[in-house]
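S.K.: What follows is a predicted structure for the sequence shown.
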Amino acid sequence: MRPRTLLLIAIPLACAAALPLRADELDDAILKHRTGVLVVRTAPGATVAVEQLRHEFWFGATIATGVFTGRTPAEDAAKWKEVFLSHFNAGVIEAAFKWHEMEKERGRVDYSVVDSMLEWASAHEIPVRGHCIFWGIPRYVPEWLKPLGDAPLRLAIRQRARSIAARYRGQFAEYDLNNEMIHGNWFEQRLGPEITRDMARWVKEGDRDAVLFFNDYDILTGRRLDDYVKHIRTVLSSRAPMDGIGVQGHLHGDSFDENELRRALDALAELKLPVRITEFNFPGQRSKYYQQRGMALSPEEEAAKADALRRYFRICFAHPAVTGILMWGFWEGANWIPQSSLYKRDWSATPAAEAYRRLVFGEWWTRAEVKADANGIAAVRAFFGTHRVRAAGKEATVTLPKSEGVRIVDLQ
């Protein structure tokens, strides 16, 4: 199944302030921050066709545990993989990578599920987030770890950090270092605030190229934004080698506050690190559906959900600091808030699925056909990512990165 695409021809350059309020200003910001120019050299007057193959921006989702453990029926598992690959370009491990799941008994580490997920993702060129190396919320700390004295505890943490990084060197695109630290940090309570810096350094000892993210919740609602900014500044001031900021996107209710979302993204951008929306659900954790998982949305509520997704994604895609948004589940059969799914249990599409596809593979997908000028030059404005370019019987696959903004394609 291949997503439908729309034409993007001769789009003019535009500038806009980040986080505008009006829809047209958001579109201008997307044009400014998410597109560059492909300059094609070919024969004078030749027709130049550009077709996008992949976004640079991460439009991702969780890699569901049950699909890779056999708990999900084979037919549904196959459908899940098909839909994932036709909708998403990045993934995040749902649960199997967490320490309390991988090493339920000391010294007996189960790598099998994570290895299976990474093998599948690698075969399809899907970058994956390692969620998470540590999790300091007390109930998620391995029980066998808690009775250890300080010295053996530090040793166990170091072994986890170094061994994970070394084993998966080059396989994870990034990691959440210690999940949800502003909501609970057993490791820091036991060993002091410097343990976060040490965790990061130990991971880098196992893989010097490991990319480490903060990750926490109730930030994009504005409720814990100031606490999170203060926390990040404190950790960075300790010279911890951190690389990015993760913000979960499921603490809203049946609606979300656009102004708070924009305010949070602006505040995080000031920290000068890339921002990913790591765990998006709508409706969210404060909705009535979180407590009533079997309650169905009415047609009107499904329409409102689709509209909320459009607005949320547009705000995030328009912000220059944001590098991706990942859904925490897209199918009712593998989603902790089933009503937030794009697809129902029988795989029928919700209005939110159609809204998502129209954005990512419609409005934000380059498909252009233009004529080269008398000098054999054609300039096509395109979304950052990978494109197939054809002209005068020649073809090339090229990447247009945001870091460069312009890419010259020689098809002479």
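M.R.: Here it is on my side, so go on. Numbering: from 1, shown residues only.

S.K.: I'd say G136 and R190 touch.
M.R.: No - checked against C-beta atoms under 8 Å, the pair G136 and R190 is beyond contact range at 9.4 Å. Every C-beta, even on glycine, is put in place using the N, C-alpha and C of the backbone.

S.K.: Have a look at the two and say which one is more surrounded.
M.R.: More neighbours surround G136 than the other of G136 and R190, with 22 against 18 (other C-beta atoms under 10 Å).

S.K.: Can you show me the helices along the stretch 151-300 of the chain?
M.R.: Ranges of helices within the stretch 151-300 of the chain are 186-191, 194-206, 225-237, 258-269, 288-291, 299-318, based on DSSP state H, counting those that start in this stretch.

S.K.: Quick one: closest of those helices to R54.
M.R.: Among the helices of the stretch 151-300 of the chain, the nearest to R54 by C-beta to C-beta is helix 299-318 (15.4 Å).

S.K.: list the contacts for W144?
M.R.: Counting by C-beta atoms under 8 Å, 6 or more residues apart in numbering, W144 makes contact with E105, R106.

S.K.: now it: how far from T65?
M.R.: As judged by C-beta to C-beta, to the nearest Å, W144 and T65 stand 22 Å apart.

S.K.: Over to D266?
M.R.: From D266 over to T65 (counting by C-beta to C-beta), the distance is 35 Å.

S.K.: swap in A77?
M.R.: Note on A77: its distance to T65, by C-beta to C-beta, is 11 Å.

S.K.: Equivalent analysis for E332, please.
M.R.: Distance, E332 to T65, by C-beta to C-beta: 16 Å.

S.K.: try A95
M.R.: As for A95, its distance to T65 is 5 Å (criterion: C-beta to C-beta).

S.K.: Quick check, S238 in contact with R197.
M.R.: Yes - judged on C-beta under 8 Å, S238 makes contact with R197 at a distance of 4.4 Å.

S.K.: More neighbours: which of the two?
M.R.: Legend: neighbour count by other C-beta under 10 Å for S238 and R197, higher for R197 (17 against 13).

S.K.: for that one, what are its contacts?
M.R.: By C-beta under 8 Å, 6+ apart, the contact list for R197 reads V235, S238, R239, A240.

S.K.: partner strands of the lengthiest strand in the chain, parallel or antiparallel?
M.R.: Using DSSP state E to define each element, the chain has its longest strand at strand 47-55. Strand 47-55 has its sheet partners listed here by DSSP bridges as strand 367-371 (antiparallel), strand 385-391 (antiparallel).

S.K.: Run the angle between the helix or strand following that strand and helix 299-318 for me.
M.R.: As assigned by DSSP states H and E, the chain's next helix or strand after strand 47-55 is strand 58-63. Angle between the axes of strand 58-63 and helix 299-318 is 130 degrees (criterion: axes from the mean of the first three to the mean of the last three C-alpha atoms, to 10 degrees).
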